[in-house]
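**Student:** sequence unknown, structure follows:
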């Protein structure tokens, strides 16, 4: 039930796609399709995005998890859509492969760092096509619970209302509520604490987000994916370098966990 966002901790070292016709890689990724074998390995460059090597305190920039740069001024070309993606080392790949994963590919990456004049071949772009953050194919909305959240005059979080299973029927229904067109669930407003007279709309947040799948890794966005607590512990056990774990602010519940909850109640 406990899931964590997994991303690279440092922002100094990032990668860019080089040496290939980028549209042969980027267009399939953006469309949620797998990259063709003939385009592999992906050739990427590990760059100092701060452009000041003196700020780096690590022993090597070849860490276990890296960010794909989206900064076009640095040559960044990270796709903004296309599913969950993460650039990982061989060590992380071996941990992932022990668990139940959605349809995915590990694209081999040839990583070159011009500053250290070194090339490594033990990296992979882990790609899970699809948008598991929202779609009805992934999230079982009728089993999810929600809360309406506002802010008080000191900008403290305030729960206004709770909504049980069945209150939200689908992603389209959720969108209607957020757009203010649903006839039953209405989101209130609050005055922004630092801008008197400026109204902000309350948020409808997940409490329990129930998935239709039993995967141990769930979709995210480019450079960030969701991992189970079991995977987090395994990565910590191998001292995964440059990993950042952020516990999700809501429960991410896999299908088998939801069924276990029903069985325990009966």
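**Tutor:** Nice, thanks for sending it over. These numbers come from a predicted model, not from an experiment.

**Student:** can we go C-alpha only for contacts and neighbour counts from here?
**Tutor:** OK.

**Student:** Stretch 18-35: which residues count as buried?
**Tutor:** 18, 25, 26, 28, 29, 30, 32, 33, 34, 35 (16 or more other C-alpha atoms under 10 Å).

**Student:** got these as CSV, with distance to residue 232, pLDDT and secondary structure columns?
**Tutor:** CSV is the format used below for the buried residues of stretch 18-35 (distance: C-alpha to C-alpha, whole Å; pLDDT from 0 to 100; DSSP: H, G, I helix; E, B strand; the rest coil):
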residue, distance to residue 232, pLDDT, secondary structure
18, 31, 93, coil
25, 29, 94, helix
26, 29, 93, helix
28, 29, 93, helix
29, 26, 92, helix
30, 28, 91, helix
32, 26, 89, coil
33, 27, 93, coil
34, 26, 95, coil
35, 28, 95, coil
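
**Student:** Burial check on the closest residue to residue 48 other than its chain neighbours, number of neighbours?
**Tutor:** Nearest-residue entry for residue 48: residue 13, 4.9 Å, with adjacent residues in sequence omitted and distances by C-alpha to C-alpha, 6 or more residues apart in numbering. Number of residues near residue 13 (other C-alpha atoms under 10 Å) recorded here: 23.

**Student:** quick one: average confidence on the longest helix anywhere in the chain?
**Tutor:** When the chain is parsed with DSSP state H, its longest helix is helix 255-265. Taken as a whole, helix 255-265 has a mean pLDDT of 90.

**Student:** Please list the residues outside that helix that contact it.
**Tutor:** For helix 255-265, the external contacting residues (C-alpha atoms under 8 Å, 6 or more residues apart in numbering) are 1, 210, 211, 212, 213, 214.

**Student:** Now residue 237, what are its backbone angles?
**Tutor:** phi -70, psi -30 (degrees, to the nearest 10).

**Student:** Repeat that for residue 86.
**Tutor:** Reported as degrees, to the nearest 10, the phi and psi values for residue 86 are phi -160, psi 140.

**Student:** From residue 117, how far off is it?
**Tutor:** For residue 86, the distance to residue 117 (C-alpha to C-alpha, to the nearest Å) stands at 24 Å.

**Student:** Can you list the buried residues in the helix or strand hosting residue 176?
**Tutor:** When elements are assigned from DSSP states H and E, residue 176 belongs to helix 171-179. Buried positions in helix 171-179, judged by neighbour count with 16+ other C-alpha under 10 Å: 171, 174, 176, 177, 178.

**Student:** For residue 76, state which of those residues is nearest.
**Tutor:** Taking C-alpha to C-alpha as the measure, residue 171 is the one of those closest to residue 76, at 32.1 Å.

**Student:** Please tell me I have it right and the closest one contacts residue 136.
**Tutor:** Yes. Under the criterion of C-alpha atoms under 8 Å, residue 171 makes contact with residue 136 at 6.2 Å.

**Student:** shared neighbours of the two, anything?
**Tutor:** With C-alpha under 8 Å, 6+ apart as the test, residue 171 and residue 136 reach no residue in common.

**Student:** Quick check: mean pLDDT of stretch 153-171?
**Tutor:** 94.

**Student:** same question, stretch 212-222
**Tutor:** Taken as a whole, stretch 212-222 has a mean pLDDT of 91.

**Student:** going forward can the numbers begin at 286, since that is how I track them
**Tutor:** All set: I'll call the first residue 286, so the last point we hit is now stretch 497-507.

**Student:** Pull up the distance across that stretch, start to finish.
**Tutor:** Stretch 497-507 has its terminal residues 22 Å apart, counting by C-alpha to C-alpha.

**Student:** gap between it and the chain center?
**Tutor:** Distance of stretch 497-507 from its chain centroid, counting by C-alpha atoms, centre = their mean, to the nearest Å, is 9 Å.

**Student:** try stretch 506-522
**Tutor:** How far stretch 506-522 lies from its chain's middle: 10 Å, per C-alpha atoms, centre = their mean.

**Student:** Quick check: buried residues in that stretch?
**Tutor:** Residues 506, 507, 508, 509, 510, 511, 512, 513, 514, 516, 517, 520 are the ones in stretch 506-522 that count as buried (16+ other C-alpha under 10 Å).
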